[in-house]
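> Dropping a prediction and its sequence here:
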Amino acid sequence: MRRYRYIICLLLAGAMLFYAVPRLDVYSSGLEGVFTITWLAFALIVIAGNLTALLYEPKSKVNVRTRRKVVTSNRKRMRSH
């Protein structure tokens, strides 16, 4: 379910960039140029964060549970020896 949210956020961020980039002027002076660079930086942070969350999502919760059982069983063996 979270995967769909990340994909939707990426699509919305891409649509905002597609709409905004032709209208923003990076080379303008003053407050307009600062706003443009700041807006683009935040847009890239949003895209990077959603891509990271999408690509490095844990595989499944079952694997985490089985790993915990293996670790606890190894600890019990070590203590009994």
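Ah, there it is.
> what residue ranges in the protein are flagged as low confidence?
Residue ranges of the chain with pLDDT under 70: 60-81.
> So which elements touch the longest helix along it?
When the chain is parsed with DSSP state H, its longest helix is helix 31-55. Secondary-structure packing of helix 31-55 (3 or more Cβ pairs under 8 Å, 6 or more residues apart in numbering; DSSP states H and E): helix 2-20. No exception for glycine: its C-beta is placed from N, CA and C like everyone else's.
> just the angle between the helix it packs on and helix 31-55, please?
160 degrees (axes from the mean of the first three to the mean of the last three Cα atoms, to 10 degrees).
> which other helices and strands contact helix 2-20?
Applying 3+ Cβ pairs under 8 Å, 6+ apart, one finds that helix 2-20 makes contact with helix 31-55.
> Tell me the buried residues in the helix it packs on?
Neighbour-count burial for helix 31-55, counted by 16 or more other Cβ atoms under 10 Å, picks out 36, 43, 46, 47, 50.
> right, and the last one touches residue 14 too?
Pointing back at residue 50 there. No - with contacts counted by Cβ atoms under 8 Å, residue 50 stays clear of residue 14, the gap being 10.1 Å.
> What separation do you get for the closest residue to residue 37 other than its chain neighbours and residue 38?
Residue nearest to residue 37 in three dimensions, not counting chain neighbours: residue 26, with 6.5 Å by Cβ to Cβ, 6 or more residues apart in numbering. Residue 26 sits 11 Å away from residue 38, going by Cβ to Cβ, to the nearest Å.
> Then residue 23?
Distance of residue 23 to residue 38, computed by Cβ to Cβ: 15 Å.
> what do you get for residue 22?
Residue 22 sits 18 Å away from residue 38, going by Cβ to Cβ.
> Near residue 22, how many residues? Count them for me, please.
Residues near residue 22, counting by other Cβ atoms under 10 Å, number 7.
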